[in-house]
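Colleague: below: sequence and its predicted model.
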Amino acid sequence: MPERPQRISYFPLSKMDDAMMDEMRRCALEGTPRPESSAVRGHSSAAFWAFANSWAALFRGGVVEHSLKELCRVYVSRSLKCEYCGNQRSSEARAQGISEGQLDQLMNFETSGVYDERQKAALGYAEAITWRLDPDDAFWERLHGEFSEEELVELACFIALTMGQQSWIRLLNIDHHQVMAGSPASLAPGLEDGEALEVARSSPDYWAARP
């Protein structure tokens, strides 16, 4: 694959204050997000903390189960073809039972047998937001049958947050293993280092190469 020019540089770690470096270390140890995207946001302290705090509240916190939000996050990655985001995994969601098999079937979630009705409803919500659909009353009846209004607001705000960030990040040509390299935290299986990532990209089964 030809090298793609990076569009915005990584803000130097040496210029980050202690609080930003604490968040960067968390990214390296826990991932999702991993350090590279956070280093780009480091150019703007306001953007860095607006995202970090919103992500903590909506993705790692909140009332909707984390595993459900991870399905929606990866659905957005597959829809937008954001390789950087799509190659990340939440270790917490894995611990809650989300498998690679479930992630591989996201684009056919309605006909797949690997999701329950609540998961399908959430993915339908992500689909409608991502693809700007105009759903009917049955769509909303389904959502209200599975979620409280508090959950619907939280889930929509999370989907909108990750969709907006991924729509931007996919333009930047950033990649893993470039900032605070050496940590495989929250990467998809088989992408633990830069060499493995390039091998994966050369496969015809690589998810981002599929039509």
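Modeller: Cool, the structure landed.
Colleague: same for the longest helix along the chain, what does it pack against?
Modeller: The helix spanning the most residues in the chain, taking DSSP state H as the definition, is helix 149-169. Counting contacts by 3 or more C-beta pairs under 8 Å, 6 or more residues apart in numbering; DSSP states H and E, helix 149-169 is packed against helix 35-41, helix 45-55, helix 66-80, helix 83-86, helix 117-130. Using the backbone N, CA and C atoms, a C-beta is placed for each residue, glycine as well.
Colleague: for the following helix or strand past the last one, which positions count as buried?
Modeller: Using DSSP states H and E, the helix or strand that follows helix 117-130 in sequence is helix 137-146. Neighbour-count burial for helix 137-146 flags F139, R142, L143, E146 (criterion: 16 or more other C-beta atoms under 10 Å).
Colleague: and stretch 105-121, by the same measure?
Modeller: Of the residues in stretch 105-121, those with enough neighbours to count as buried (16+ other C-beta under 10 Å) are L106, F109, S112, Y115, Q119, K120, A121.
Colleague: thinking again about what came up before, and the buried residues of helix 137-146, which is closest to A95?
Modeller: Within those, the smallest distance to A95 is 22.7 Å, found for E146 (C-beta to C-beta).
Colleague: quick one: contacts for the closest one?
Modeller: With C-beta atoms under 8 Å, 6 or more residues apart in numbering as the criterion, the residues that contact E146 are E117, R118, A121, A122.
Colleague: that older thread, make a markdown table from the helices and strands packed on helix 149-169 and add mean pLDDT and distance to R25 to it.
Modeller: What follows is the helices and strands packed on helix 149-169, written out as a markdown table (pLDDT from 0 to 100; distance: least, C-beta to C-beta, whole Å):
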| stretch | mean pLDDT | distance to R25 |
| --- | --- | --- |
| helix 35-41 | 98 | 9 |
| helix 45-55 | 98 | 12 |
| helix 66-80 | 98 | 21 |
| helix 83-86 | 97 | 20 |
| helix 117-130 | 98 | 30 |
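Colleague: who wins for proximity to I8 among the ones you listed?
Modeller: Across those, I8 has its closest neighbour in helix 35-41 (5.3 Å, C-beta to C-beta).
Colleague: run through who's touching the closest one.
Modeller: With contacts defined as C-beta under 8 Å, 6+ apart, helix 35-41 is touched by 8-11, 13, 23-24, 27-28, 47-48, 51-52, 84-85, 165, 169, 172, 174-176, 178-180.
Colleague: can you flag the buried ones in these?
Modeller: Among the contacts of helix 35-41, those scoring as buried are 10-11, 23-24, 27-28, 48, 51-52, 84-85, 165, 169, 172, 174-176, 179-180 (criterion: 16+ other C-beta under 10 Å).
Colleague: hmm, back to that, most widely separated two among the buried residues of helix 137-146?
Modeller: Spatially, the most separated pair among the buried residues of helix 137-146 is F139 and E146, at 11.6 Å (C-beta to C-beta).
Colleague: now the lowest-mean-pLDDT helix or strand in the chain - C-alpha only, PDB.
Modeller: In the chain, the helix or strand scored least confidently by mean pLDDT, DSSP states H and E is helix 194-201, which has a mean of 89. Included here for helix 194-201 are C-alpha records, laid out as PDB according to Å, rounded to 0.1, in the frame of the first residue of the first chain:
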ATOM      1  CA  GLY A 194       3.400  -2.000  12.700                       C
ATOM      2  CA  GLU A 195       4.600  -5.000  10.800                       C
ATOM      3  CA  ALA A 196       1.500  -7.000  11.600                       C
ATOM      4  CA  LEU A 197      -0.700  -4.100  10.600                       C
ATOM      5  CA  GLU A 198       0.900  -4.000   7.200                       C
ATOM      6  CA  VAL A 199       0.500  -7.800   6.700                       C
ATOM      7  CA  ALA A 200      -3.200  -7.500   7.600                       C
ATOM      8  CA  ARG A 201      -3.700  -4.700   5.100                       C
END
